[in-house]
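# Here is a sequence with its predicted model. Questions after.
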Amino acid sequence: MRTARAFAAAGCRRIAATIQCHGVHWLSVERAHVLAMAAEFGIDIMQALRVDLCEYDPQIPLRGEAVRVDVIIPFCESDSQYLAACMQSIADQRHSIPTIHVIADGCDFPELPQLRSAITVHRYHTPGDWGPYRITNAVVAGGHCQTQYLAIQDADDTSRPDRLWRQVQTLKHFGADMISSASQNFLQDGVTDKTLIGRLQWEPIIKPGRVYDTVPLGRLVNSTRTLTLDLFHQLNGFGDLRCTGDFQFDNRARFLGVSIIDDQTVLADRRLHTGSMTGGRFVPGTAVRDRDVAKTIYARDEMQRSPTLETARQLGCLDQTRPLYPIR
């Protein structure tokens, strides 16, 4: 008699083999059949997709012009010291022409680096404490994005030189709507915080697809998230949250069966330091974080109960966002 583990592994191999035979689009075309098969074997179908993509290492040749991407970089006072390195990492992207939207969340702008002339930089300012999700909504709602792709970048992290090119080309190759890649954690010089040191030891590389109670189908790494602008509009943007808005968005997309790629390649470096934009300002136990976690769990339950586009749109708030305007 086979064990439950062997039974699940057999199911995973069966689904992965079908993906290999019919292509990744089989998942969306035959979604009901896939879910039934997954339920039969007691496995997470997204894991089968992740296995398939881990085995695929696309050496996609550069075709045509450089990719054009809108990159949103919000920052707060404690992140401002890292902003120049972050922006430079986006400016140094190979085969890419990014349009950078850099947003000061209730703080002043530091001196910004001199970037190559092909790159456009828009600056914005909020009254403060909006957080990255409200800010992203505001930039999109204001109609400032100039391309069909939207990339998220944390101000305290840096992207590796081929991040944008590889992600956009992979989205095009698979006809997918969203991609997230892995990040390498590193400690900021001088950090002695035991929690951060433990985090580096526990998770030296942050990989997309990791499952938590609040994200049962797997989270994406938000600072390496690139998606089509059409998808962001279709899902009505991020929810009205200052924390965990990425988890809430991931659930809405995954429960809808959106074509998502979990790329296990390390394409960014994530700085561990105190005072980050969300983790440093809205730590566990604060009223803001507790409220937003509760909202995220509510949204997860709503999507499980009714996985429809209407539900997903009701949980987003792009259509209720006050737009930001660039600083001239």
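Cool, got the structure. Note that the structure is a prediction, hence the values are computed from the model and not measured. Numbering: from 1, shown residues only.
# for this protein, what are the low-confidence residue spans?
1-64, 188-202, 273-285 (pLDDT under 70).
# mind giving me the domain split of it?
Using automatic domain parsing, the domain parsing of the chain gives 4-55, 67-320.
# CA atoms only: put whichever strand in the chain runs longest into CSV for me.
Longest strand in the chain by number of residues (criterion: DSSP state E): strand 260-272. The C-alpha coordinates for strand 260-272 follow below in CSV (Å, rounded to 0.1, in the frame of the first residue of the first chain):
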residue,chain,number,x,y,z
ILE,A,260,2.0,33.2,-13.4
ILE,A,261,5.6,32.2,-13.6
ASP,A,262,7.6,31.4,-10.5
ASP,A,263,11.2,31.9,-11.7
GLN,A,264,13.8,30.3,-9.4
THR,A,265,16.7,32.4,-10.8
VAL,A,266,18.2,34.9,-8.4
LEU,A,267,17.7,38.3,-10.2
ALA,A,268,17.9,40.6,-7.2
ASP,A,269,19.7,41.2,-3.9
ARG,A,270,17.6,42.0,-0.9
ARG,A,271,19.0,44.2,1.8
LEU,A,272,18.2,43.1,5.4
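# how about that strand: buried residues?
Judged by neighbour count (16 or more other C-beta atoms under 10 Å), strand 260-272 contains these buried residues: I260, I261, D262, D263, T265, V266, L267, A268, D269, R270, R271, L272. Just so you know, the C-beta spots here come from the backbone N, C-alpha and C atoms, and that holds for glycine as well.
# how close does the fifth one sit to A182?
Distance, T265 to A182, using C-beta to C-beta, to the nearest Å: 6 Å.
# do the same with the fourth one
Using C-beta to C-beta, one obtains 7 Å as the distance from D263 to A182.
# Need the overlap of contacts for these two.
Among the neighbours of D263, those also in contact with A182 (C-beta atoms under 8 Å, 6 or more residues apart in numbering) are P208.
# After the helix or strand containing V140, which helix or strand is next?
Using DSSP states H and E, V140 sits within helix 131-141. Note on helix 131-141: by DSSP H and E, the next helix or strand toward the C-terminus is strand 149-152.
# Any chance you could list what contacts that following strand?
67-72, 98, 132, 136, 140, 164, 167-168, 171, 222-229, 232.
# In PyMOL, select just the buried ones from those residues.
Burial among the contacts of strand 149-152 is assessed by 16+ other C-beta under 10 Å; the matching PyMOL selection reads:
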select buried, resi 67+69+70+71+72+98+132+136+140+164+167+168+171+222+223+224+225+226+227+228+232
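# For the helix holding V140, name the packing helices and strands.
In terms of contacts (3 or more C-beta pairs under 8 Å, 6 or more residues apart in numbering; DSSP states H and E), helix 131-141 is packed against strand 67-75, strand 96-105, strand 120-126, strand 149-152, helix 229-234, helix 245-256.
# let's see it at 10 Å
Other elements packing on helix 131-141 under the criterion 3 or more C-beta pairs under 10 Å, 6 or more residues apart in numbering; DSSP states H and E are strand 67-75, strand 96-105, strand 120-126, strand 149-152, helix 229-234, helix 245-256, helix 287-305.
# how about those, which one is nearest R313?
Minimum separation from R313 across these (C-beta to C-beta) falls at helix 229-234, 7.8 Å.
# by contact count, what packs against that closest one?
Helix 229-234 sits against helix 131-141, strand 149-152, helix 245-256, helix 309-315, with contacts defined as 3+ C-beta pairs under 10 Å, 6+ apart.
# again, 8 Å this time
Using 3+ C-beta pairs under 8 Å, 6+ apart, the elements in contact with helix 229-234 are helix 131-141, strand 149-152.
# Make a markdown table out of the ones you listed and add distance to Q314.
Listed next are the helices and strands packed on helix 229-234 as a markdown table, based on distance: least, C-beta to C-beta, whole Å:
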| stretch | distance to Q314 |
| --- | --- |
| helix 131-141 | 15 |
| strand 149-152 | 21 |
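# Of these, which is nearest I103?
Closest to I103 of the helices and strands packed on helix 229-234 is helix 131-141 (C-beta to C-beta; 5.0 Å).
# got the angle for that closest one vs strand 120-126?
Using axes from the mean of the first three to the mean of the last three C-alpha atoms, to 10 degrees, the inter-axis angle of helix 131-141 relative to strand 120-126 is 120 degrees.
# Contacts for helix 131-141, please.
The contact list for helix 131-141, computed with C-beta under 8 Å, 6+ apart, reads 72, 74, 101, 103, 105, 124, 126, 130, 145, 150, 152, 154, 222, 229, 232-233, 237-243, 245-246, 249, 277-278, 282, 317-319, 321-324.
# What residues of it count as buried?
Across helix 131-141, burial judged by 16+ other C-beta under 10 Å covers G131, P132, Y133, R134, I135, T136, N137, A138, V139, V140, A141.
# Could you identify the buried members of the contacts of helix 131-141?
Here, 16+ other C-beta under 10 Å leaves 72, 74, 101, 103, 105, 124, 126, 130, 145, 150, 152, 154, 222, 232-233, 237-243, 245-246, 249, 277-278, 282, 317-318, 321, 324 buried among these.
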